[in-house]
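**Student:** quick one, what's the 3D model for this:
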Amino acid sequence: MKHSFKVLCIALTFLAFNNPVKAQFSPPDGCIVDANGECIPNTILGALPFLRIIPDAASGAMGDAGIATNNGYNALHFNGSKLPFAEEDSGLSFTYTPWLRNLGLNDVYMAYLSGYMKMDEFQSIGASLRFFSLGDINFTDIEGAPAGSGKPREWEAAIGYARKLSPNFSAGLTAKYMVSNLASGQIVQGIEISSATSFAADLSLTYDNDIVLGAYDGKLRVGLALTNIGSKVTYTNNPTRDFIPTNFGLGAALELNFDEYNSMTFALDINKLMIPTPIPSKIFDENGNIEDNPDYDREGDPAGGPDGVADYRQKSLFSGILGSWGDAQGGFSEELQEFNYSVGVEYWYDKQFAVRLGYYYEHPLKGARQFLTVGAGLKYNVFGFDISYLVPTNNVRNPLDNTLRFTLLFDFDVFRPDDL
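**Tutor:** Below is the predicted model of the structure:
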């Protein structure tokens, strides 16, 4: 059963990336509807979704908020330009994230190694390595006959540079290389499956300033991150390639120091995928009859014809990014549904012990991920430890339901000569 589930995941992923939406759009309802006229999800589809998995237990305990928090260890995932403002001059972290643990799968997980170093007062560099394992599986053909075994794997390597442009403002650039090997060498309906590869870049900005709020001093941070701006990919020799999860992220964090020992941070992140919204091949006309959707394929080959590939899938990289802000067939209201929200709170005692709480919200028609998160952190001398736990708040299953995530931190500042 475990192997069957993993094979199903791979099959569904392949089908989602290579088939248009088979439903009809209802203009009066402003959504895609099923046979009963009920609105159904129109989730944005993209390849290499593992790139958007939060690799940090501290942020994972704050509803996945991390664009503007004061955490340099895993900054490259959220916002590389935070590095010059990190409290420590250098650090290394390792995160282990079990995946689908609720289903009894013990060999599906993500591991993330990340580190950074301040070169001087203004410049910082960082690097990270992400590895996502889908376990060992036994492949079968369409008739259920054995078709060999495989070890689906995905990984990403990143290196980043950030620099202060003023005492309160910094910019960052991160370069990435990604590989997704789901079923390389397998033949599906006469088509050979290969690995998908892509190069990408992140662009980020951070504003960090000391403030006084009432009787307390603190910091206000605002971050903007455009991540995974990279080449489209394919798992076959199909000339139509799929978008990777290019993302717009805007975050703010307010840190207040109540006294020498107690501090608290409030964080808010807003994210939106900058890839085209799927468009169905059918639409209801003004009389309520189903007809071909004129917006589905305008390139001379009608939907279902010799080509029949949706126009939204054939857009270029930058056309897809720019068009993603106004391409939803449901108009502005559907565009607003594509924003996701993360809210988190973090309390520190004596900079040694932390407790965290967060909430994540995604619209029901755009994925419906909604969950609470809790966690704690401990830091002593050179070592630190973070843990997070996810609690679902709706009936949509999450791969991290009731799962613990762990992060180990190593602060190398204690080894500096002036600290000995």
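
**Student:** contacts and neighbour counts: CA atoms only from here.
**Tutor:** OK.

**Student:** what separates the most far-flung residue of the chain relative to its centre from residue 27, distance-wise?
**Tutor:** Taking Cα atoms, centre = their mean, the residue of the chain most remote from its mean C-alpha position is residue 287, at 40.8 Å. Note on residue 287: its distance to residue 27, by Cα to Cα, to the nearest Å, is 11 Å.

**Student:** report the mean confidence score over the longest strand belonging to the chain.
**Tutor:** Looking across the chain with DSSP state E, the single longest strand is strand 196-213. For strand 196-213, mean pLDDT is 95.

**Student:** stretch 188-200: which residues count as buried?
**Tutor:** Using 16 or more other Cα atoms under 10 Å as the test for burial, stretch 188-200 gives 193-200.

**Student:** ok, residues contacting that stretch?
**Tutor:** Here stretch 188-200 makes contact (Cα atoms under 8 Å, 6 or more residues apart in numbering) with 141, 175-187, 228-237.

**Student:** whichever of those end up buried, select them in PyMOL.
**Tutor:** Buried members of the contacts of stretch 188-200, defined by 16+ other Cα under 10 Å, are picked up in PyMOL with:
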select buried, resi 175+176+177+178+179+180+181+182+183+184+186+228+229+230+231+232+233+234+235+236
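
**Student:** the contacts of stretch 188-200 in helices, which ones?
**Tutor:** For the contacts of stretch 188-200, not one is inside helices, with DSSP state H as the criterion.

**Student:** what lines up beside the helix or strand hosting residue 93 in the sheet?
**Tutor:** Assigned by DSSP states H and E, residue 93 belongs to strand 90-98. If you go by DSSP bridges, strand 90-98 pairs up with strand 109-118 (antiparallel), strand 404-411 (antiparallel).

**Student:** list the neighbouring strands of the following helix or strand past the longest one plus their orientation.
**Tutor:** What that stands for is strand 109-118. Next helix or strand after strand 109-118 toward the C-terminus (DSSP H and E): strand 123-133. Each strand paired with strand 123-133, and its direction, by DSSP bridges: strand 109-118 (antiparallel), strand 153-166 (antiparallel).

**Student:** CA atoms only for strand 123-133 - export them in CSV, please.
**Tutor:** What follows is strand 123-133, C-alpha atoms only, in CSV (Å, rounded to 0.1, in the frame of the first residue of the first chain):
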residue,chain,number,x,y,z
GLN,A,123,28.6,41.9,2.8
SER,A,124,27.3,38.4,3.5
ILE,A,125,27.3,35.1,1.6
GLY,A,126,25.3,32.0,2.1
ALA,A,127,24.8,28.6,0.6
SER,A,128,22.2,25.8,1.0
LEU,A,129,21.5,22.3,-0.2
ARG,A,130,17.9,20.8,-0.2
PHE,A,131,17.2,17.1,-0.7
PHE,A,132,13.8,15.6,-1.0
SER,A,133,13.4,11.8,-1.0
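
**Student:** residue numbering should commence at 336 henceforth.
**Tutor:** Got it, the first residue is 336 from now on, which makes the last one we talked about strand 458-468.
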